[in-house]
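Visitor: Here you go, sequence then predicted model.
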Amino acid sequence: MEKIIMNISASKDMFGAFSENCEGIYAGGDTIKEVQDDTYEAIRLIKKNLPEDRWPEQIKGEFEIEWKFDVPSFLEYYSSFMSLAGMEKLTGINQKQLSNYLNHRAVPRKKQADRIISGIHRFAHELLSITL
């Protein structure tokens with residue numbers, strides 16, 4: 001199965017995405033869900049409007065999409081599920097700094113971005129180990 005990597009980033013008024021490994025796939029929308037839907041629509045249109053020999057290899061068979069966020073987009077999307085206070089507990093980065101990243105007032109260094117993703121992954125791993 002092929003993997004298509006879509007990079008999602010936020011601007012002041014919308015989200016945009018492009019594939020880093022599959023030429024011709026671009027998407028946009030007001031929400032992450034709209035970007036994801038637009039991505040699938042872009043693939044559908046490529047398949048509809050181009051002869052199969054011109055399709056990117058990744059979409060000729062089965063594929064999966066990996067969504068790769070920049071830090072502001074990630075925080076904006078997931079802040080509707082997790083508060084900045086909760087994110088602070090998970091990452092060790094204070095709420096004010098997370099808010100600066102979220103609102104594009106600061107760009108996190110790689111070390112800070114790694115702390116954010118590590119905290120989220122630890123939390124996700126913990127959730128996966130729970131049964132109810």
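Guide: Looks like it arrived, so ask away.

Visitor: mind checking how far the nearest residue to Ile32 once chain neighbours are set aside is from Thr39?
Guide: Excluding its sequence neighbours, the residue lying closest to Ile32 (Cβ to Cβ, 6 or more residues apart in numbering) is Tyr77, at 4.7 Å. Bear in mind the C-beta positions are built from the backbone N, C-alpha and C, glycine included. Computed as Cβ to Cβ, to the nearest Å, the Tyr77 to Thr39 distance reads 15 Å.

Visitor: and what of Tyr78?
Guide: 19 Å.

Visitor: just checking, what's the longest strand in the chain?
Guide: Scanning the chain for the longest strand, with DSSP state E as the assignment, gives strand 2-10.

Visitor: Looking at Tyr78 and Thr39, which one has more neighbours?
Guide: Just comparing Tyr78 and Thr39: by other Cβ atoms under 10 Å the higher neighbour count belongs to Thr39, 23 against 15.

Visitor: can you pull the contacts of that one?
Guide: Met6, Ala17, Ile25, Ala27, Ile65 (Cβ atoms under 8 Å, 6 or more residues apart in numbering).

Visitor: Out of these, which comes closest to Lys47?
Guide: Ile25 (11.4 Å; Cβ to Cβ).

Visitor: and the closest one, how many neighbours does it have?
Guide: Counted with other Cβ under 10 Å, Ile25 comes out at 24.

Visitor: who's in contact with it?
Guide: Applying Cβ under 8 Å, 6+ apart, one finds that Ile25 lies in contact with Ile4, Met6, Phe18, Ser19, Thr39, Ala42, Ile43, Ile46, Pro56.

Visitor: Out of the residues you listed, which sit inside helices?
Guide: When the contacts of Ile25 are checked against helices (DSSP state H), the matches are Thr39, Ala42, Ile43, Ile46.

Visitor: Save those as CSV, and put in distance to Ile32 too.
Guide: Shown next, in CSV, are the ones in helices among the contacts of Ile25 (distance: Cβ to Cβ, whole Å):
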residue, distance to Ile32
Thr39, 10
Ala42, 15
Ile43, 17
Ile46, 21
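
Visitor: Now pLDDT too, for these, in TSV please.
Guide: Shown next, in TSV, are the ones in helices among the contacts of Ile25 (pLDDT from 0 to 100):
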residue	pLDDT
Thr39	98
Ala42	97
Ile43	97
Ile46	96
